[in-house]
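>>> could you work out the structure for the sequence below:
(2 chains)
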Amino acid sequence: MKFVIQRDRLLASIQDVMKAISSRTAIPILTGMKIEAKEDGITLTGSDSDISIESFIPKEEDGIVYVEQIEPGSIVLQAKYFPEIVRKVPMNAVEIESDGQLNVTIRSGSAEFKLNGQDADEYPQLPKLHSEDSFELPADLFKNVIKETVFAVSTQETRPLLTGVNVRVQDDQLHFVATDSHRLASRQIPISAAFDFQNVVIPGKSLTELNKILDENQDPVEIRITNNQILFRTKHLYFLSRLLEGNYPDTSRLIPNESKTVLQIDTKELLRSIDRASLLAKENRNNVVKLVTQESGKLEISSNSPEVGRVVEEMSVEEISGEELRISFSAKYMMDALKVIESEQVKIEFTGAMRPFLIRPTDDEDLLQLITPVRTY
Amino acid sequence: MQSKGRAIFHVDMNSFYASVEMAFDPSLRGKPLAICGNPAERKGIVVTSSYEARKKGVRTTMPLWEARRLCPDLLVMRPNFDRYRKASSEMFKLLQEVTPIIQPVSIDEGYMDVTDCSHLGSTLEIAQTLQERILKELDLPCSIGIAPNKFLAKMASDMKKPLGITVLRKRDISSILWPLPIEEMYGVGAKTAEKMRTLGIQTIGELAHKDKYQLKRIFGVNGERLANRANGIDDRPVDPEAVHSFKSIGSSQTLPHDTTDDKELDKLLSQLSKSVEKRMQRKEAIAKGIQLMIRYHDRKTITRSMKLQHFLESADEVFQHAQTLLQKHWNGEPIRLLGVSVFDVAEKKEVGKQLDLFTYEKEAEKEGLYKAIDDLTSKFGKNPFRRVQASTSDEVRTSFQKDFLDDYKK
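Presented below is the predicted three-dimensional model:
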């Protein structure tokens, strides 16, 4: 195997593929990165057996030549050293060559590295997904959906299913739901899919990594689902993740359909106010802030840490209706939810101090954030 | 920090558990009595014995069979921790009548700072009165050490037992303290003593004169601290709040036999979790971390812990996480002991409880009640209601827990 490649293009692909490579893995060869040269270009592969990523560098694209002098072949290189070497070679052209004895030479300018490779035949084959169930989303929209939901997954292994994002297709609507059982984020988008599915749970970590790799553009991402795996494919990327097994809880019943107190308020102002209140709230461990409706029609946002001090702030609201309210909640959850809402105003619907409340952008019915309050003693 | 002119008491109850049993059942008086952790099971070791038993050679931590051999007419009782806790609490109440500056350190000992109690008489008179009251009202003997600091007071209380009062002045340390062998010094364990002996330190006096820098190099900060104490220097205040700075709340228990039986282990975990819950309730505390201790049949012991995103408070939650830890870290070998503890502890009233989407309805049912309390709180300034605690009947599993030590304040 031999080829000469543009360093920056190679480095970009390496960084993507590295997202799947872990130094702690049960299969030793997976600590390496597979490099395969074919006539039409170079494919890099990384996997931790939960996530597998393939990145393709075409020989030539849009009139730019990325790879030259290709002699087909493949090799596995230690992922611990390979990326750093490529990052630090002196010239923009990098030559990578392997001989029949798995010795790899990396040359750039006057620098030459000799590395021991591993046999690519020993690298596990990535499964090819045979599934008709697929749909497409533009990359930028998909990235946004991930951002709006994935933060709400649980980081605790006690309920493994909740560490994933539930994806459903129903009545031409694609639903994404994530909850750690304290707050819930839900986004739906219209889609024309010829099939329904219910119970797909994608590990939150997979989506977080995917979001880092996908470019912010309108290129389509093809999503293909089988029983236990999901594939995301773009022009040059093949991202495979295992799915979480089990029945995701029915979350639709958790969304309240009545409300007793309704607020409409400036998103950024509320975010900043909660952020200020949480400056002291951090000290009292659960990051709790208190929201109280005032007779004047304003809101009081406060937080109290016995050892540190107290902060109170009065806020004007756009609209307020319904019963008076006194509620405490986690500042972090509130900020997490508000940060992913882009609309200028949000509508918050409360049904009581001990019940979850709904946050929605005023201009978008398809995104909702649900937060359960904190009961103070 | 004050260092001059303080008057510190160390009050040390004499063979406390045995004394409490004798106060409870006077027919036991004058007889050799041993309190044993679970006489039927393997951990049948002597926890405490009466002075009559000690005369025959019975010692704390001695296996029961050995104690019986030395003292054939030994009376053996299981511990009644409820009784001891109650007696302890009564004892600290008497201490508190002298001064509010008291620091319980365990169920049967505590420090008091009587520097500002001259209106009650001389320090010696105060100690005599206190000792008499404890003996008369609770029927319990104690020894009191009087000194200018905690370390010397602790050393002094040890010098005359039972019912001794020992004054250890700074000017007396060279004649009283320094001749003592090094292992008699409070804070020097068997390991440290052994190391000190290899350095040629046989007595407390030799430690006092040893080069501090050398000690610091070998024993770290503790070396310097011990050398200071040997010279009668100890600045630590008597801190009534020390008992509050609890860092973890836990419970552990040895199984009656080594086991690999999941059901048995789960059952024990569940018991331990309940016990942890009770102790958290007593403290009105909740915790954000959980630790599991596993001791295997060969005494190899591991502890594994995890931090949580949310506060734990119920036995169920504790059990669930303890079980997760057990499943993850148990190597499958027979287990002798399990311990469950929670750390990163906070007071409930400072934190609040994050409700759960799937279960909030249980709390929501009481919403009206909470609202009424809230309204009254804002009207009267302080929550007029307090949860009634059922804390009298709970079982105490080890004698080392300190979470009841401020009961005397109630």
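>>> give me the pLDDT value at the closest residue to chain A within the stretch 151-300 of chain B.
For the stretch 151-300 of chain B, the nearest residue to chain A under the criterion CB to the nearest CB is residue B:288, separated by 7.2 Å. C-beta: built from backbone N, CA, C; applies to glycine. The score at residue B:288 is 85. That number is its pLDDT.
>>> checking it next. Helix, strand or coil?
Secondary structure for residue B:288, judged by DSSP: H, G, I helix; E, B strand; the rest coil, is strand.
>>> ok, it - contacts?
Going by CB atoms under 8 Å, 6 or more residues apart in numbering or on different chains, residue B:288 touches A:285, B:307-308, B:310-312, B:343-346.
>>> distance of it relative to residue B:353?
Distance from residue B:288 to residue B:353, counting by CB to CB, to the nearest Å: 12 Å.
>>> quick check: neighbours shared by these two?
Counting by CB under 8 Å, 6+ apart, the contacts common to residue B:288 and residue B:353 are residue B:311.
>>> point out the residues in chain A that sit beside chain B.
Within chain A, the residues that sit near chain B (CB under 8 Å from any CB of the partner chain) are A:154-158, A:179-184, A:249, A:254, A:284-286, A:288, A:305-306, A:326, A:328, A:330, A:352-356, A:370, A:372-377.
>>> which ones among these are found in helices?
When DSSP state H is applied, those are split such that none fall in helices.
>>> narrow the residues you listed to just the buried residues.
The neighbour-count test (16 or more other CB atoms under 10 Å in any protein chain shown) marks A:154, A:156, A:179-184, A:249, A:254, A:284-286, A:288, A:305, A:326, A:328, A:330, A:352-356, A:370, A:372-377 as buried among the residues of chain A next to chain B.
>>> which residues does residue A:327 form beta bridges with?
Here residue A:327 sits in beta bridges with residue A:291, going by DSSP bridges.
>>> quick one on the thing from earlier: burial count for the residue lying closest to the residue of the stretch 151-300 of chain B closest to chain A once chain neighbours are set aside?
With CB to CB, 6 or more residues apart in numbering or on different chains as the criterion, residue B:288 has its nearest non-adjacent residue at 4.0 Å, and that residue is residue B:344. Counted with other CB atoms under 10 Å in any protein chain shown, the neighbours of residue B:344 add up to 17.
>>> contacting residues for the nearest residue to residue B:47 once chain neighbours are set aside?
Excluding its sequence neighbours, the residue lying closest to residue B:47 (CB to CB, 6+ apart) is residue B:35, at 4.8 Å. The neighbours of residue B:35, taking CB under 8 Å, 6+ apart as the test, are B:17-18, B:21, B:46-49, B:76-79.
>>> do residue B:357 as well
Remark: with contacts taken as CB under 8 Å, 6+ apart, residue B:357 is in contact with A:179, A:181-184, A:254, A:356, A:370, A:372.
>>> in strands only, show me those residues.
Residues of these located in strands (DSSP state E): A:179, A:183-184, A:370.
>>> around chain A, which positions in the stretch 151-300 of chain B sit nearby?
Checking the stretch 151-300 of chain B against chain A by CB under 8 Å from any CB, the hits are residue B:288.
>>> and the helices in the stretch 151-300 of chain B, which stretches?
Counting by DSSP state H, counting those that start in this stretch, the segments of the stretch 151-300 of chain B that form helices are B:173-176, B:190-198, B:204-209, B:212-219, B:221-230, B:262-283.
>>> ditto for chain A
Taking DSSP H to define them, one finds helices in chain A at A:7-18, A:82-88, A:139-149, A:204-213, A:267-281, A:331-339.
>>> lowest mean pLDDT across these, which one is that?
helix A:267-281 (a mean of 89).
>>> and the angle from that one to helix A:331-339?
In terms of direction (axes from the mean of the first three to the mean of the last three CA atoms, to 10 degrees), helix A:267-281 departs from helix A:331-339 by 160 degrees.
>>> can you name every helix or strand that helix A:267-281 contacts?
Other helices and strands packing on helix A:267-281, by 3 or more CB pairs under 8 Å, 6 or more residues apart in numbering or on different chains; DSSP states H and E, are strand A:288-293, strand A:299-305, strand A:309-315, helix A:331-339, strand A:345-350.
>>> those: which one's closest to residue A:322?
Go through these one by one with CB to CB and the one that ends up closest to residue A:322 is strand A:345-350, at 7.8 Å.
>>> no more questions from me, cheers.
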